[in-house]
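> sequence? don't have it. structure:
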């Protein structure tokens, strides 16, 4: 997924009201940027961090900048936009880059299922069971090179796990795909201390036959794309 316009660099002043951020651009101008991330963004909201914004000239948008990437002190790039993973995964699915569903040729986004829910992708192929793919954005790293999810309590995420369990028990394929937008991570685990209910649902999903997979991204200032599979700790 390529950014529509070249990103511009700046320094984070503060993030507030969840969806707003004050940024001092490299030109010295201070702007208010949209922060497209409802989570805690643990470790990525400290004043002084280098950030990259995507400008826009859309007259329908009040804010003319969107926060897309954070650069950590060690130079690691992290994608913070929670709308990006579905676009990135769609491109990867269509290109056959997700090995677990590479044989599926029909990819349908945002299909109704469960209880008032939509699965991110429904994959179909003659002769194969339907594959329901739920995507979660991951950018939390607290412990060595572990990517973790979630970064805050997510009742909605827990609900999705139990709906995937229902899919698996119906005889179809249920896939929980964690997409890591943090280039410093090499493995994945659930942040059980942050959301014990989610961790319990995750354990039940694994036991019920939900396929849990994780892919990391190549994050740069031009595009974000699927890179490679990461090992998942399920114990």
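Okay, I see it. Note that this is a predicted model, so its numbers are computed, not measured.

> for the closest residue to residue 36 other than its chain neighbours, give me its contacts.
Spatial nearest neighbour of residue 36, excluding adjacent residues (C-beta to C-beta, 6 or more residues apart in numbering): residue 81 at 4.5 Å. No exception for glycine: its C-beta is placed from N, CA and C like everyone else's. Residues in contact with residue 81, defined by C-beta atoms under 8 Å, 6 or more residues apart in numbering, are 36-37, 66-68.

> wasn't residue 81 part of a strand?
No. When classified by DSSP: H, G, I helix; E, B strand; the rest coil, residue 81 is found to be coil rather than part of a strand.

> now do it, the pLDDT please.
Looking at residue 81, its pLDDT reads 96.

> quick one: it and residue 165, what's the gap?
29 Å (C-beta to C-beta, to the nearest Å).

> buried set for the helix or strand harbouring residue 163?
Element membership of residue 163, judged by DSSP states H and E, is helix 155-169. Buried residues in helix 155-169, defined by neighbour count with 16 or more other C-beta atoms under 10 Å: 157-158, 160-161, 163-168.

> count the residues that sit near residue 58.
For residue 58, the neighbour count with other C-beta atoms under 10 Å is 8.

> give me the element the residue nearest to the spatial centre of the chain is part of.
Nearest to the geometric centre of the chain sits residue 137, at 1.6 Å (C-alpha atoms, centre = their mean). If you go by DSSP H and E, residue 137 is part of strand 131-138.

> centre of the chain to whatever helix or strand comes next after that strand, how far?
For strand 131-138, the following helix or strand on the C-terminal side (DSSP H and E) is strand 146-149. From the chain centre to the centre of strand 146-149 is a distance of 11 Å (C-alpha atoms, centre = their mean, to the nearest Å).

> got the contact list for strand 146-149?
136, 138-142, 157, 178, 180, 182, 185, 187-191, 194, 214, 216, 230.

> what's the PyMOL line that selects buried ones from those?
Selection of buried members from the contacts of strand 146-149 for PyMOL, criterion 16+ other C-beta under 10 Å:
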select buried, resi 136+138+139+140+141+157+178+180+182+185+187+188+189+190+191+194+214+216+230
